[in-house]
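>>> take this sequence and fold it.
(one chain, ligands or ions: 2)
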Amino acid sequence: MVINKDSCRVCRSRELYDFFDLGHQPAANTLLTSINLTETEFTYPLVATVCPPCGFMQLKHVVAPEVLFRHYQYMASASRSYLEHFGNLATVLISQLNLKQRSLVVDIGSNDGSLLKEFAKRGMAVLGVDPAKNLAELANKEGMETVCDYFTPAVARTIMATKGPAKLITATNVFAHVDDLTTLIEAISTTLDHDGVFVAQFPYLGDLITKNAFDTIYHEHLSYFSIFSLARLFDQTSLELYQVEHIPIHGGSLRIFARKRNNATFSPAIRALLKKEKQLKLHNQATYEEFARRARRIKRDLKAILNRLAKEKKMVIGLGAPAKGITLINYTGLTPVHIRFITDSTPAKHGHFTPQSRIPIVPEKLLKDHHIDYAIIFAWNFADEIMKKTRFIQKRGGRYIIPIPNVTVL
Ligand code: JHZ
Ligand code: ZN
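Ligands and ions are numbered 1, 2, ... in the order given. Alright, predicted model coming up:
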């Protein structure tokens, strides 16, 4: 179920430096039901390691995708700001790439079909690929045709033969989840039209380091990319990286653009980011050691505050049960003694419990029934949206705690 990854996914070097051990952790998107509360839970080692020459961070262990992705509890449609982001993404890509009506757009890791819907609304022919049975079923039911599988070379060939070629292939928050990236890129190349474009988005290593976002380290996220490491990765494939945008979603992400090799030079934006990564010292071991120190400090601060509030019998709850919240809760050692319950806007998460820590997850509408002293925003990337809809907490004298980039009580 777990394999050791002892070489760099980008350059194959074995000179990796382990800098942050988060202990054994459960898979972040496998929430417990009341039935499996009595069963022994599986946990897997979670250790972050870096290949300094590549400026590339990866996990030291790879948990089998079958464990992580066949039943998936995260749904993109649960966050309104994220749906707006997808709407903008579809509009911008159709215009930037000059896509004609009925052009084929394939979305890898299409989740509940949220991004496909935005492309379909704007006249594109769409197809999703996602291994999660629960999500593929849902998307298909809603008319977003979805192949329930990983985007393997065989799946890529079948799509090419039956629907292809694709003018656009997207992969939002899935590129970091795949172990064998060169095979994935070649599969993408198989399905892509000669003038087609591959666009991927994923959290950016530069933001992870500068914003102390250590809670985004969990088993699904095998890779933490810099633009330097991406350029090196694409150099080994038949697609070339030609453009990048640094965008704010999920606490800071990269949107990268690649196409069939044409010997293009790097765009000014890629060159600017390469320069910035030198300033951020993403190639130095010390950068990662300091980051791990800051993460341990956040853990200590959060635990100290929550121990004190528990002693004072304060009503403390959580807002949002994202995957990163699961890492933060279990790494910090929080329990229902510290956090009474967590609300989440994903109906499928209700009635479940956080793995290991076993904090109940409930609908957001229950918030109004309680007097809340403190509310921790675990989905800190959506803090604006969450605070807007829960203003009554503050009006009734409650306070927010935002854990990242530093524990802050508002
Ligand atoms: P959110 C996701 O991680 C999934 P997560 C994935 N692993 C990935 O790679 C990263 O993104 C980048 C809830 N919520 O999007 C909904 C409210 O309750 O930050 C979600 O459960 N109320 C593929 O899981 C969670 O918070 C609200 O008002 O860390 C947000 O999860 C809003 C806005 C959200 O991602
Ligand atoms: Zn390397």
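
>>> since we're on the residue of the stretch 201-350 of the chain found nearest ligand 2, how many residues are nearby?
Of all residues in the stretch 201-350 of the chain, Ser229 sits closest to ligand 2, at 7.0 Å by CB to the ion. Where you see a C-beta, it was placed from the backbone N, CA and C, and this is true even at glycine. Number of residues near Ser229 (other CB atoms under 10 Å) recorded here: 26.

>>> surely it is in contact with Gly55?
Yes. In this structure, Ser229 is within contact of Gly55 by CB atoms under 8 Å, at 5.6 Å.

>>> identify the contacts common to these two.
Leu205 (CB atoms under 8 Å, 6 or more residues apart in numbering).

>>> residues in contact with Asp18?
47-49, 60.

>>> ranges for the helices of this structure?
Secondary structure of the chain (DSSP state H): helices at 65-69, 80-96, 114-121, 133-141, 153-162, 181-191, 205-210, 227-234, 268-279, 285-311, 323-332, 383-389, 391-395.

>>> is ligand 1 within reach of stretch 76-96?
Yes. Stretch 76-96 reaches ligand 1 (CB under 6 Å from any ligand atom) through 78-79, 81-82.

>>> among these, the buried ones, what's the ChimeraX command?
Those of these that count as buried under 16 or more other CB atoms under 10 Å are selected in ChimeraX with:
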select :78,79,82
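
>>> center of this structure - which residue?
Asn173 (5.0 Å; CA atoms, centre = their mean).

>>> looking at it, Ala258 is touching Glu240, isn't it?
Yes. Between Ala258 and Glu240 there is a contact under CB under 8 Å: 6.2 Å.

>>> look at the two and report which has more neighbours.
Between Ala258 and Glu240, counted using other CB under 10 Å, the more crowded position is Ala258 (24 against 18).

>>> ok, the residue nearest to the centre of the chain to Thr190 distance?
Between Asn173 and Thr190 the computed distance is 22 Å (CB to CB, to the nearest Å).

>>> still on that earlier bit, got a markdown table for the contacts of Asp18, with neighbour count too?
Below are the contacts of Asp18 laid out as a markdown table (neighbours: other CB atoms under 10 Å):
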| residue | neighbour count |
| --- | --- |
| Val47 | 16 |
| Ala48 | 23 |
| Thr49 | 20 |
| Lys60 | 16 |
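
>>> which of those residues fall within strands?
Residues of those located in strands (DSSP state E): 47-49.

>>> would you list the helices of the chain in CSV and tack on distance to His371?
Output for the helices of the chain, formatted as CSV (distance: least, CB to CB, whole Å):
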stretch, distance to His371
helix 65-69, 38
helix 80-96, 26
helix 114-121, 35
helix 133-141, 36
helix 153-162, 52
helix 181-191, 49
helix 205-210, 36
helix 227-234, 48
helix 268-279, 46
helix 285-311, 14
helix 323-332, 23
helix 383-389, 18
helix 391-395, 9
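
>>> can you pick out the most distant pair from the contacts of Asp18?
Ala48 and Lys60 (7.4 Å; CB to CB).

>>> in stretch 182-189, what's buried?
Buried, per 16+ other CB under 10 Å, within stretch 182-189: 184-189.

>>> same question, stretch 188-198
Neighbour-count burial for stretch 188-198 [16+ other CB under 10 Å]: 188-193, 196-198.

>>> what residues does the chain put near ligand 2?
8, 10-11, 13, 51, 54 (CB under 5 Å from the ion).

>>> among the residues you listed, which pair sits farthest apart?
Across those (CB to CB), the longest gap, 8.6 Å, separates Val10 and Ser13.

>>> identify the contacts common to those two.
Between them, Val10 and Ser13 share the contacting residues 51, 54, judged by CB under 8 Å, 6+ apart.

>>> which of those two has more neighbours?
More neighbours surround Val10 than the other of Val10 and Ser13, with 26 against 13 (other CB under 10 Å).

>>> list the contacts of the more buried one.
51, 54, 56, 229, 232-233.

>>> try it again at 6 Å.
Residues near Val10 by CB atoms under 6 Å, 6 or more residues apart in numbering: 54, 56, 229, 232-233.

>>> Cys148 too?
133, 136.

>>> on the pLDDT front, check it for me.
Here the pLDDT value assigned to Cys148 is 98.

>>> separation between it and ligand 2?
33 Å (CB to the ion, to the nearest Å).

>>> ok, and what's touching the strand of greatest length in the chain?
Counting by DSSP E, the longest strand found in the chain is strand 192-203. By CB under 6 Å, 6+ apart, the list of residues contacting strand 192-203 from outside reads 97, 165-173, 175-176, 188, 216, 250, 253, 255-260.

>>> how about stretch 55-70?
By CB under 6 Å, 6+ apart, stretch 55-70 touches 1-3, 5, 9-10, 27, 44-45, 47, 49-50, 131-132, 179, 205, 219-220, 222-224, 226, 228-229, 277, 282-283.

>>> can it be said to contact ligand 1?
No. Counting by CB under 6 Å from any ligand atom, ligand 1 is not contacted by stretch 55-70; separation bottoms out at 9.4 Å.

>>> and if you look at stretch 311-330?
Yes. Counting by CB under 6 Å from any ligand atom, ligand 1 has neighbours in stretch 311-330: 320-324.

>>> which of these has the most neighbours?
Ala321 (31 neighbours).

>>> isn't that one up against Asp344?
Yes. In this structure, Ala321 is within contact of Asp344 by CB atoms under 6 Å, at 4.3 Å.

>>> next, the distance between the ends of stretch 328-336.
One end of stretch 328-336 to the other measures 14 Å (CA to CA, to the nearest Å).

>>> buried residues of that stretch, list them for me.
328-332, 334-335.

>>> same list (these) but as JSON lines, adding distance to Ala139 and pLDDT.
Below are the buried residues of stretch 328-336 laid out as JSON lines (distance: CB to CB, whole Å; pLDDT from 0 to 100):
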{"residue": "Leu328", "distance to Ala139": "29", "pLDDT": "98"}
{"residue": "Ile329", "distance to Ala139": "29", "pLDDT": "98"}
{"residue": "Asn330", "distance to Ala139": "30", "pLDDT": "98"}
{"residue": "Tyr331", "distance to Ala139": "32", "pLDDT": "98"}
{"residue": "Thr332", "distance to Ala139": "35", "pLDDT": "98"}
{"residue": "Leu334", "distance to Ala139": "34", "pLDDT": "98"}
{"residue": "Thr335", "distance to Ala139": "36", "pLDDT": "97"}
